[in-house]
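Colleague: Need a 3D model of the following:
(one chain, ligands or ions: 1)
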Amino acid sequence: MKKTILTTLLIGLASLAVNAQSSLTKTDTIPLKYGAHRTGNRTDAEMERWRSYGLGQFIHWGVYAIPGGQWQGKTYGGAAEWIRSWSKSSAPENWTSIYDNLYKQFNPVNFDAKAWARQAKQMGAKYVIFTTKHHDGFCLWPSKYTNYTIKNSPYKKDIVKEVVDAYNAEGIDVYLYFSIIDWNHKGYRSAAPKTADEIASYETFKKFTRNQLIELVKNYPTLRGLWFDGTWDQAWTKEAAYVDALDKELRKLSPGIIIGSRFRPDDYGKRGQDSNGNLIGDYEQGWERKLPASIEVTKGRDWDCVMTIPPNQWGYNADWKSSYIKTDYDLIQMLLHSVSLNGNLVINFGPDGKGAIRTEEGAIATGIGQWMQQNSEAIYGAKYAGLPKPEYGYYTLKGDKLYLTVFNRPVNNQLRLAIPQSYKKSLQKAALLVGNQSLEIKKTNIGIDRDSNTYFDVTLPANLTIDKPFVVVFDLGESNGNNKNYGDAKT
Ligand code: JFZ
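Modeller: Numbering: from 1, shown residues only. Down below sits the predicted model:
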């Protein structure tokens, strides 16, 4: 009996010590009610599907497509979808009121959702992110909660529905872009509300936002996710409790829905990552128009990169002459860069005011599509290969296949691959992905004793005259992770 008491006491003391220890080691953890809901990545089937997309399409469309970055011979300097905020000093007279009446002319007679969806499919996009409402507040669906919608334009019909149906019919998953910023709603404000009136007015905006989101989720039940934007205002970032509850509500209404890191603030108004450095939301949305340099910077998180074709234009801008316009190869390279580091690349399109996708974007979609037609095996479902980036291009990995997409072809036609000796796989066979021509792999002694790599030379056929990036596929076998140069004479 005595012994039991003593043991209990000792166990009690020991667990006290353990608790003290763990609370000591956790002194850097800030207690949060509304921080990240998990520390690692999601493991469910919906997220796994998202991870396998590789390539997506973004579409920015709204009344800003009518001016297309200019009005009455004047050019707006910023991103075309921001034109409503044209500063008074340079804007045409009465600009905001002109803008706020543009919807009365929104009649996109050339809009053909099925043609858009066919083009996206042909390009190889597995998902689309479509702007239901940008910062100007104009709704491309007939929202019950405002009059500022497509229903009151000459076009009248529900554009969001047309897009959702057409893309779904092509087997493309739909994500809806939604801006929290809404320059049209009376209760919207950027600075945190202080007076009772301001608070009451902001409450109407919060309710309106919630209503619209629930409306979207209910109207378009096939949606796979919501892509939030315009969440940086102080008024919003102080609403952690409200947004957290809304996030939970939306997830309940649409089980499996994917929401990135641009929606909820934490208790201290931090966005993206909470105050403890954990990702808020299902994937990192911070790689906008930029790509992580290495796997380390991704911190092992799911991520996508949304990319404009000009430097920074999302909505239609009539002027594509004044800046560098990315080519299809620029974008294919970014696609490989993304997939090789476990991300998706989402290429933005900005249809014009009549609903047509400009010919330059069409040509890019065709170029990417032709390449994808032959090489998408190296993209869909492919991941980071666990190898250092080769100078010739990018590795991607799927099952027991390693893909090397070559952008920089060596003039001597020898791809010399440095494989760390610790790599747990061996290169068995090599072949060109297109045509399946097999290529010889030679283990190479280049006499670098202290090097931790093993080198393999793969000879490209001299008669390979391709002027596009091309893929070499390797069959991988098991290895003990001790790839010593046993072929070397000395060893
Ligand atoms: C926002 C919008 O203002 C813009 O019009 C466009 O819709 C884009 C996709 O999103 O712009 C941003 C948002 C976030 C960053 C940069 C531009 N960011 O986090 O670096």
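Colleague: how close does the most centrally placed residue in the chain get to residue 370?
Modeller: The centre of the chain sits closest to residue 304, judged by C-alpha atoms, centre = their mean, with a distance of 2.4 Å. Distance, residue 304 to residue 370, using C-beta to C-beta, to the nearest Å: 23 Å. (Glycine included, C-beta is placed from N, CA and C.)
Colleague: just residue 199 next, same as before
Modeller: In terms of C-beta to C-beta, residue 199 sits 56 Å off from residue 370.
Colleague: more crowded one of those two?
Modeller: Per other C-beta atoms under 10 Å, whichever of residue 199 and residue 370 has more neighbours is residue 370, with 15 against 11.
Colleague: For this structure, what lies in contact range of the ligand?
Modeller: Counting by C-beta under 6 Å from any ligand atom, the residues of the chain close to the ligand are 60, 79, 81, 82, 229, 286, 288, 306, 314.
Colleague: In terms of pLDDT, where does residue 117 sit?
Modeller: Reported pLDDT at residue 117 in the predicted model: 99.
Colleague: Put together JSON lines for the residues of the chain next to the ligand, with pLDDT and secondary structure on each row.
Modeller: Below are those laid out as JSON lines (pLDDT from 0 to 100; DSSP: H, G, I helix; E, B strand; the rest coil):
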{"residue": "60", "pLDDT": "99", "secondary structure": "coil"}
{"residue": "79", "pLDDT": "98", "secondary structure": "coil"}
{"residue": "81", "pLDDT": "98", "secondary structure": "helix"}
{"residue": "82", "pLDDT": "98", "secondary structure": "helix"}
{"residue": "229", "pLDDT": "98", "secondary structure": "strand"}
{"residue": "286", "pLDDT": "94", "secondary structure": "coil"}
{"residue": "288", "pLDDT": "93", "secondary structure": "strand"}
{"residue": "306", "pLDDT": "98", "secondary structure": "strand"}
{"residue": "314", "pLDDT": "98", "secondary structure": "coil"}
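Colleague: There's contact between the residue nearest to the centre of the chain and residue 345 in this structure, I believe.
Modeller: Yes: using C-beta atoms under 8 Å, residue 304 is in contact with residue 345, at 7.2 Å.
Colleague: and residue 381, what is it in contact with?
Modeller: Residue 381 makes contact with 52, 54, 398 under the criterion C-beta atoms under 8 Å, 6 or more residues apart in numbering.
Colleague: Repeat the analysis, applying 7 Å as the threshold.
Modeller: When contacts are counted by C-beta atoms under 7 Å, 6 or more residues apart in numbering, residue 381 touches 52, 398.
Colleague: got it, and residue 105?
Modeller: Taking C-beta under 7 Å, 6+ apart, we find residue 105 in contact with residue 66.
Colleague: same question, the one 5 residues further on
Modeller: Taking C-beta under 7 Å, 6+ apart as the definition of contact, the neighbours of residue 110 are 354, 355, 356.
Colleague: Kindly recompute the last result at 10 Å.
Modeller: Applying C-beta atoms under 10 Å, 6 or more residues apart in numbering, we find residue 110 in contact with 351, 352, 353, 354, 355, 356, 357.
Colleague: ditto for residue 246
Modeller: Going by C-beta under 10 Å, 6+ apart, residue 246 touches 206, 209, 210, 213, 214, 239, 263, 264.
Colleague: Nothing else from me, thank you.
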